[in-house]
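Chemist: Here is the input, now give the coordinates:
(one chain, ligands or ions: 2)
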Amino acid sequence: MTMNSAVEIADLLLGGRRFVALSHTNPDGDALGAVLGLAHALRRLGKECVAYSQDAAPYFLRYLPGVGDLRRDWPGHNDLDAILVLDCGDFYRVGKILETIQNAPRVVNIDHHASNPMFGEWNFVDESASSTSEMVYRILRAADFVFDADTATCLYTGVFSDTRAFHNANSSPDAYRICGEMVAAGADPARVARHLYIEQRPESIRLMAAALTTLAIEDDGRIAGVTVTREMTDGAGAAQDAFEGLVDIPRSIIGVEGAYVVREVVGSDGKKRIKGSIRTTERIDATVVTAQFGGGGHRRAAGFTTEGELGDIRDHLVAALREQLGSA
Ligand code: 5GP
Ligand code: MN
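Modeler: Ligands and ions are numbered 1, 2, ... in the order given. Below is the predicted model of the structure:
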């Protein structure tokens, strides 16, 4: 296991010819921004790069350049120069191709999660980066890449959405600088913000209304969350991607230190699972809580997918948040 620099990854990319770039299941703005941004840039540098995603792009990311060319089936990796795994805090986050690629050579792990176990042959991991898209930017800078509007739109989206539009503590000077540079290169901030945060489908708002009827505020207002059944999701006619940002509602309540959403999901294998999202203040390490459910993430934003009964998982999760508050 080695730790690599942006320059080393840039050299590896410049020296190769054929790549695949991929990220985690249920991709978010940083995941797809990094994958599509890097794929665009590599193509402009004269390389071949397939952008793979097990799951379709969520509705709010449909504006990303190249989103229509995402490959949903694994293209094979026998004569690739590298498999570029982006924004995966754990190797299993790649989804169903884990078995196919976990012993493959030339896996390049590019990520900004502190708990990353360095699963690649190459590892460029930096928890101080705002986003994986920021790390892709650094690699491309090291490769003397001249940013075009498509690449800039993708990387802007990744940095902007992983800072949650510069609301989060990872809104570093570099995050602002990179976004400024991407706007200068052709990213359209008003258009990106409209897709990410302003426009909502009616079913998303219907789902939000149903979900909020379950709002529970506990522990003298320090823990709050919502519990979403399959029936609520179906009743609203909402898709899996309608949940983005839902956890920000309990999180927005003054005094809340631990916010959560737990919801029933049906996987691509038809199996029922429970997905949890956690947001915390500095008094709770969210990764300690989600680790109890086999998940991960960042100190203030983490998640998990597990099996079990919705109400039981909720109770267990609230108890875990309470325990962390008690020991804070
Ligand atoms: P969200 O709550 O927005 O789905 O995810 C918040 C953070 O937790 C993200 O950084 C995401 O990568 C991480 N995360 C979400 N679900 C999982 C999971 O099932 N496993 C791991 N290891 N991390 C997760
Ligand atoms: Mn990220």
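
Chemist: Where does the stretch 151-300 of the chain get nearest to ligand 2, which residue?
Modeler: Per Cβ to the ion, residue 162 is where the stretch 151-300 of the chain lies closest to ligand 2, at 4.6 Å. (C-beta placed from N, C-alpha, C; glycine too.)

Chemist: For the nearest residue to residue 53 once chain neighbours are set aside, which residues are in contact?
Modeler: Sequence neighbours aside, residue 70 is the residue nearest to residue 53 in space, at 4.7 Å (criterion: Cβ to Cβ, 6 or more residues apart in numbering). Listed by Cβ atoms under 8 Å, 6 or more residues apart in numbering, the contact set of residue 70 reads 32, 36, 51, 52, 53, 56, 57.

Chemist: Can you show me the helices along the stretch 101-250 of the chain?
Modeler: 132-142, 149-162, 173-184, 189-193, 202-212, 230-236, 248-251 (DSSP state H, counting those that start in this stretch).

Chemist: Quick one, which of the ones you listed gets closest to residue 306.
Modeler: With Cβ to Cβ, the closest approach to residue 306 among those belongs to helix 230-236: 15.5 Å.

Chemist: what mean pLDDT does the closest one have?
Modeler: Mean per-residue pLDDT for helix 230-236: 93.

Chemist: Then stretch 79-89?
Modeler: 97.

Chemist: what about it, how long is it end to end?
Modeler: End-to-end distance for stretch 79-89: 26 Å, by Cα to Cα, to the nearest Å.

Chemist: Report the distance from it to the chain centre.
Modeler: 16 Å (Cα atoms, centre = their mean, to the nearest Å).

Chemist: close to ligand 1, is that stretch?
Modeler: Yes: residues of stretch 79-89 are located near ligand 1 by Cβ under 6 Å from any ligand atom, namely residue 89.

Chemist: Shouldn't residue 284 be within a helix?
Modeler: No: Residue 284 is assigned coil when assessed by DSSP: H, G, I helix; E, B strand; the rest coil, not a helix.

Chemist: Local confidence estimate at the closest residue to residue 289 other than its chain neighbours?
Modeler: In this structure, residue 289 finds its nearest non-sequential neighbour in residue 320, 4.7 Å apart by Cβ to Cβ, 6+ apart. Note on residue 320: pLDDT of 98.

Chemist: For whatever residue of the chain ends up closest to ligand 2, which residues are in contact?
Modeler: Per Cβ to the ion, residue 30 is where the chain lies closest to ligand 2, at 3.5 Å. Each residue near residue 30 by Cβ under 8 Å, 6+ apart is listed here: 87, 131, 132, 133, 157, 158, 159, 161, 162.

Chemist: Distance-wise, check the residue nearest to residue 289 relative to residue 260.
Modeler: Taking Cβ to Cβ, to the nearest Å as the measure, residue 320 falls 10 Å from residue 260.

Chemist: For stretch 68-87, buried residues please.
Modeler: Counting neighbours by 16 or more other Cβ atoms under 10 Å, one finds that the buried residues in stretch 68-87 are 70, 77, 80, 81, 82, 83, 84, 85, 86, 87.

Chemist: nearest to ligand 1, of these?
Modeler: residue 87 (7.0 Å; Cβ to the nearest ligand atom).

Chemist: Tell me how many other residues surround the closest residue to that closest one other than its chain neighbours.
Modeler: Sequence neighbours aside, residue 132 is the residue nearest to residue 87 in space, at 3.8 Å (criterion: Cβ to Cβ, 6+ apart). If you count neighbours by other Cβ atoms under 10 Å, residue 132 ends up with 33.

Chemist: which residues does residue 132 contact?
Modeler: Listed by Cβ under 8 Å, 6+ apart, the contact partners of residue 132 are 23, 30, 31, 34, 86, 87, 110, 111, 112, 158, 162.

Chemist: Next, the angle from the helix or strand hosting the fourth one to helix 149-162.
Modeler: When secondary structure is defined using DSSP states H and E, the element that contains residue 34 is helix 29-44. For helix 29-44 against helix 149-162, the angle by axes from the mean of the first three to the mean of the last three Cα atoms, to 10 degrees is 160 degrees.

Chemist: Fine by me, we can end here.
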